[in-house]
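> Turn this into a structure:
(2 chains)
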2 protein chains.
Amino acid sequence: MHSVGEALLTDLYQLTMAQAYFELGMKESAVFELFVRRLPETRRFLLAAGLEPALEYIESLRFTADDIAFLATLGKFRAGFLDYLRSVRFSGSLYALPEGSPFFANEPIVRVSAPILEAQLLESRLINIVHFQTMIASKAARCVIAARGRQLIDFGMRRAHEADAAVFAARAAYLTGFDATATVEAGRRFGIPLSGTLAHSFIEAYDREEQALRSFVLSSPEPTTLLIDTYDSARALQRVIALARELTQSGSEHRIRAIRIDSGDLAAQARMARSALDAHDCRDIRIVLSGSLDEQVIERLVTSNVPVDAFGVGTALGVSADAPALDMAYKLQEYAGKPRRKRSPGKATWPGVKQVFRERAASGEYLCDRVARADERPGGEPLLIEVMRNGRRSVPSPALPALREHCSNEMRALPAQLRELSPAVAPYPVSISDTLQAMAAGIDLQTGAE
Amino acid sequence: MHSVGEALLTDLYQLTMAQAYFELGMKESAVFELFVRRLPETRRFLLAAGLEPALEYIESLRFTADDIAFLATLGKFRAGFLDYLRSVRFSGSLYALPEGSPFFANEPIVRVSAPILEAQLLESRLINIVHFQTMIASKAARCVIAARGRQLIDFGMRRAHEADAAVFAARAAYLTGFDATATVEAGRRFGIPLSGTLAHSFIEAYDREEQALRSFVLSSPEPTTLLIDTYDSARALQRVIALARELTQSGSEHRIRAIRIDSGDLAAQARMARSALDAHDCRDIRIVLSGSLDEQVIERLVTSNVPVDAFGVGTALGVSADAPALDMAYKLQEYAGKPRRKRSPGKATWPGVKQVFRERAASGEYLCDRVARADERPGGEPLLIEVMRNGRRSVPSPALPALREHCSNEMRALPAQLRELSPAVAPYPVSISDTLQAMAAGIDLQTGAE
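Numbering: from 1, shown residues only, chains lettered A, B, ... in the order given. Below is the predicted model:
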């Protein structure tokens, strides 16, 4: 889906500005940084994601003949500029935070250096890609924390915001520690394990629930998960148990792997089910819970020791329901070698080319971050690494399982208080270096005195 | 974007169920209905949207050789079923509510009749398409109501949930009464007017704001909109006024069409700007406001008579921030000629093949809706119309401007209390016919006695 009309997936003003840069001969190098101004109240940290698809976009960015022909119809662009657009390619460099890394407000996670026209052209779509997956990964991380090792399955496709949101949400969730997705296309595209067996409609299509369950199990080439909440879960559970015992006793190759409960009092039903299953020699039948789950509900179920093996999380994950957008921006920090700064109320930025340095304890646990000029050495590990130089990747694309492993390690290094689900009492310490603060004041004096 | 891997944009269980229907020879006709169970607290009505793209999806649904090859790798599907999938096409019928029509909880907006396997295959993607655009149209409608005739521009692309959300949000907003979008691809795809001129980065790239404004205006082939809030809006406004007067006096062909204010106290700055512009013979320069706008802020600005000509609405529209998902479902209502019903707590459905009848006053204003069996005649106009028969459209595709006109007319017919932005005190009256209620009770007795 990331191939058709990609260059026109942008805001019109990127193109009108590009034309002005072109006409005015503004060819100096610019540095833009992508960052989040403020964390949503319900997030103690964010997780970077979406870099790999963003790099694919940047590497392949070009205006096709059809793109140019459409732009020519608008009456807003001169022929010379449109002709230039035909051959424009991204020739700059990128530093970025690896996917699966936690970060905080005001920390750049992507830094783009390129002739200003090229850097400007990336803005809308770069935000669009990185914002979405970062938001989903940050939500998924909370589910992973809440589930404490129980399996998590992404059920979000149907209410995700259109097609590619569903596919990339599955990617972001898997990277963060989800175990599987129901979205088939995400399985194909990214090799994510797929999960799913039947919906209530199958059961309703039969006059008798018992016959529906039996037919489904006997027609399935692999072990099945059976819904028990279509009509009355206690009665459905008895039917599942009878069927499971019959399958075992008859030596059938068919097996019931799990039951799923999708509505009502999940805790009570799961307890009832576990106890009945165990009492009837069905200890190996697992319990899957779903239906309006989010990290808060998951945490309550887990901490009250409800017997559950896996959670299916749908809408709350797929749209990041409690925080469906992040205050992410892509801002000019330097042009022609001079630091730049916007001073709009509530939207002022720290100027200059920056790096984030993270201080860790001997155990690896995060102690604090420092945002400084890229050429400062304030102590701590620099987090942004070079990922593209002269328009080409400077490191090989990491495989998704490697990113998943990295994310898991980094989440273990988070201080305990960041792993709480409630809003943060004290934010994680992120300092802005004295040099950056002095630079900001210097620019303010300059533009103020103008 | 709606063409690659479309058939696998589904939940895995649709395919495992399809295999079971196939293996078990379940070929009878099923009726599924798409509806919203409950309105979000902050919505008094919803607006149907997304039907046209949904019909395109249904008409073109097929499994490619690559799709089948991928499914074969999963070890979940038998060769006979995969072979059948190669030739499966949707052969059924659809009734639907025209796009741009208001609707309420429990009212079907799409009704699908087809062999159960085919109807089941549509579920995930049909919800995915119609849910998103309906949600955005319903949010956009509130902005249209709040703006009371002022122009509205969609600025939502960057924080929309990935690429197609941005493009289809622009479509849904335009259909609802927005005037333009900044998303270039939406302009190309749907012929929506495009809007946009420059961002703060252009101004910051100059050492002097005055020179930035002047350069941009003089390099632009058409009248421009200038940002005044990069550093200090009062000072920037003076620069704009001086530049505008200079352009007029020198007989230049270049023109400043508008100023845009994107941060800070929008009301105070707009009042200051209007008064200064008028005092200096710049009455034709318009004022555009943007920056974290939503329908509540727009309403406050408009009702306090802030001088404003247009609003740019971004994230709040593009992700429907206060209600980023609807409780939309697609449920089996009839199979093999018998009504069906799920009884899961909080998710019970009204069974049978239904129609919605709307009663209007002589003025056209809505009085009440009745949900009844499709063959009942309870009075009022039937809202669902046939849009597809035997897998082919039965009516021509309406053009987007025609849908926009229809939407505008229908919104005018809404009772005044539905056009308030605050949560509804009393919901719009929607009754369920006695026949449906009796059918539901009948099924409950049957499945209870089983």
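> And chain B, is stretch A:297-310 touching that?
No - contact of stretch A:297-310 with chain B is not found when judged by CB under 8 Å from any CB of the partner chain; the minimum separation is 13.9 Å. Glycine gets a C-beta too; all of them are placed from N, C-alpha and C.
> Report how far apart the opening and closing residues of that stretch are.
Start and end residues of stretch A:297-310 are separated by 13 Å (CA to CA, to the nearest Å).
> residues making contact with it?
A:143, A:146-148, A:150-153, A:179, A:258, A:266-267, A:270-271, A:273-274, A:286-289, A:311, A:313, A:421 (CB atoms under 8 Å, 6 or more residues apart in numbering or on different chains).
> Give me the distance from it to the chain's centre.
Counting by CA atoms, centre = their mean, to the nearest Å, stretch A:297-310 is centred 24 Å from the centre of its parent chain.
> avg pLDDT for it?
Across stretch A:297-310, pLDDT averages out at 98.
> Pull out the buried positions in it.
A:V297, A:I298, A:E299, A:L301, A:V302, A:V306, A:P307, A:V308, A:A310 (16 or more other CB atoms under 10 Å in any protein chain shown).
> Just the ones of the residues you listed in strands?
Those of the buried residues of stretch A:297-310 mapping onto strands are A:A310, per DSSP state E.
> ok, of the contacts of stretch A:297-310, which come out buried?
Using 16+ other CB under 10 Å, the buried ones in the contacts of stretch A:297-310 are A:143, A:146-147, A:150-153, A:179, A:258, A:266-267, A:270-271, A:273-274, A:286-289, A:311, A:313, A:421.
> neighbours of the nearest residue to A:G364 once chain neighbours are set aside, just the number please.
Residue nearest to A:G364 in three dimensions, not counting chain neighbours: A:A413, with 4.7 Å by CB to CB, 6 or more residues apart in numbering or on different chains. Burial of A:A413 is recorded as 15 neighbouring residues (other CB atoms under 10 Å in any protein chain shown).
> For A:A413, give me the backbone phi and psi.
phi -90, psi 0 (degrees, to the nearest 10).
> do the same with A:R392
According to degrees, to the nearest 10, A:R392 has phi -120, psi 150.
> Tell me the spacing between it and A:P398.
16 Å (CB to CB, to the nearest Å).
> out of those two, which sits in the more crowded spot?
When A:R392 and A:P398 are compared for neighbours, A:P398 comes out ahead with 16 against 10, by other CB under 10 Å.
> can you pull the pLDDT of that one?
pLDDT, A:P398: 95.
> and it, what does it touch?
Per CB under 8 Å, 6+ apart, neighbours of A:P398: A:E52, A:P98, A:E99, A:H406.
> tell me which element it is part of?
Under the criterion of DSSP states H and E, A:P398 resides outside all helices and strands.
> Domain map for chain A?
A:6-138+A:326-449, A:147-318 (automatic domain parsing).
> Quick one: closest of those domains to B:F63.
Among the domains of chain A, the nearest to B:F63 by CB to CB is domain A:147-318 (10.8 Å).
> Any idea how far apart the tips of the closest one sit?
End-to-end distance of domain A:147-318 (CA to CA): 17 Å.
> I figured the residue nearest to A:G364 hits A:E365, correct?
Yes - taking CB atoms under 8 Å as the definition, A:A413 is a contact partner of A:E365 at 5.5 Å.
> Output the set of residues of the stretch 1-150 of chain A in proximity to chain B.
Within reach of chain B by CB under 8 Å from any CB, the stretch 1-150 of chain A has these residues: A:1-5, A:8-17, A:19-21, A:23-24, A:26, A:30, A:32, A:70-71, A:74-78, A:116, A:120, A:123-125, A:127-129, A:131-132.
> let's see it at 7 Å
Within the stretch 1-150 of chain A, the positions near chain B by CB under 7 Å from any CB of the partner chain are A:1, A:4-5, A:8-13, A:15-17, A:20, A:23-24, A:26, A:30, A:70, A:74-76, A:78, A:116, A:120, A:124, A:127-128, A:131-132.
> List only buried entries from those residues.
The buried subset of the residues of the stretch 1-150 of chain A next to chain B - by 16+ other CB under 10 Å - is A:1, A:4-5, A:8-13, A:15-17, A:20, A:23, A:26, A:30, A:70, A:74, A:76, A:116, A:120, A:124, A:127-128, A:131-132.
> Among these, which lie within helices?
Taking DSSP state H as the definition of helices, those contribute A:12-13, A:15-17, A:20, A:23, A:70, A:116, A:120, A:124, A:127-128, A:131-132.
> what's the most distant pair in these?
Pairwise distances across these peak at 33.4 Å for A:E23 and A:F132 (criterion: CB to CB).
> How about the contacts made by A:E123?
Contacts for A:E123 were tallied using CB atoms under 7 Å, 6 or more residues apart in numbering or on different chains; they are A:Q14, A:Y330.
> one step back: so what's the residue nearest to A:G364 up against?
Here A:A413 is in contact with A:R360, A:G364, A:E365, A:Y366 (criterion: CB under 7 Å, 6+ apart).
> In PyMOL, select just the buried ones from those.
Burial among these is assessed by 16+ other CB under 10 Å; the matching PyMOL selection reads:
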select buried, chain A and resi 366
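> quick one: what helix or strand has the residue nearest to A:P223 when sequence neighbours are not counted in it?
Leaving aside its sequence neighbours, A:P223 sits nearest to A:R257 (CB to CB, 6+ apart; 3.6 Å). Take DSSP H and E as the rule and A:R257 turns out to sit in strand A:256-261.
> Show me what the helix or strand following that strand packs onto, helices and strands only.
Sequence order places helix A:266-279 as the next helix or strand after strand A:256-261, per DSSP H and E. For helix A:266-279, the packing partners by 3 or more CB pairs under 7 Å, 6 or more residues apart in numbering or on different chains; DSSP states H and E come out as helix A:233-249, strand A:256-261, strand A:286-289.
> Let me know the angle separating the second one from helix A:233-249.
It refers to strand A:256-261. Counting by axes from the mean of the first three to the mean of the last three CA atoms, to 10 degrees, strand A:256-261 lies at 180 degrees to helix A:233-249.
> Could you count how many residues lie near A:E56?
16.
> any idea of the pLDDT on it?
96.
> Just confirm it is within a strand.
No - A:E56 is assigned helix when assessed by DSSP: H, G, I helix; E, B strand; the rest coil, not a strand.
> how close does it sit to B:M272?
Applying CB to CB to A:E56 and B:M272 gives a distance of 46 Å.
> again, but for A:G391
From A:G391 to B:M272 the distance is 45 Å (CB to CB).
> swap in A:D281?
79 Å.
> same question, A:G177
Taking CB to CB, one finds A:G177 at 51 Å from B:M272.
> These two: which is more packed in?
A:G177 (21 against 16).
> With pLDDT and secondary structure added, can I get the contacts of A:A413 in CSV?
Converted to CSV, the contacts of A:A413 look like this (pLDDT from 0 to 100; DSSP: H, G, I helix; E, B strand; the rest coil):
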residue, pLDDT, secondary structure
A:R360, 98, strand
A:G364, 97, coil
A:E365, 98, coil
A:Y366, 98, strand
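> Among the contacts of A:A413, which pair sits farthest apart?
Within the contacts of A:A413, A:G364 and A:Y366 form the most distant pair, 8.3 Å apart (CB to CB).
> okay, the helices and strands packed on helix A:266-279 in a markdown table with mean pLDDT next?
Formatted as a markdown table, the helices and strands packed on helix A:266-279 follow (pLDDT from 0 to 100):
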| stretch | mean pLDDT |
| --- | --- |
| helix A:233-249 | 97 |
| strand A:256-261 | 98 |
| strand A:286-289 | 98 |
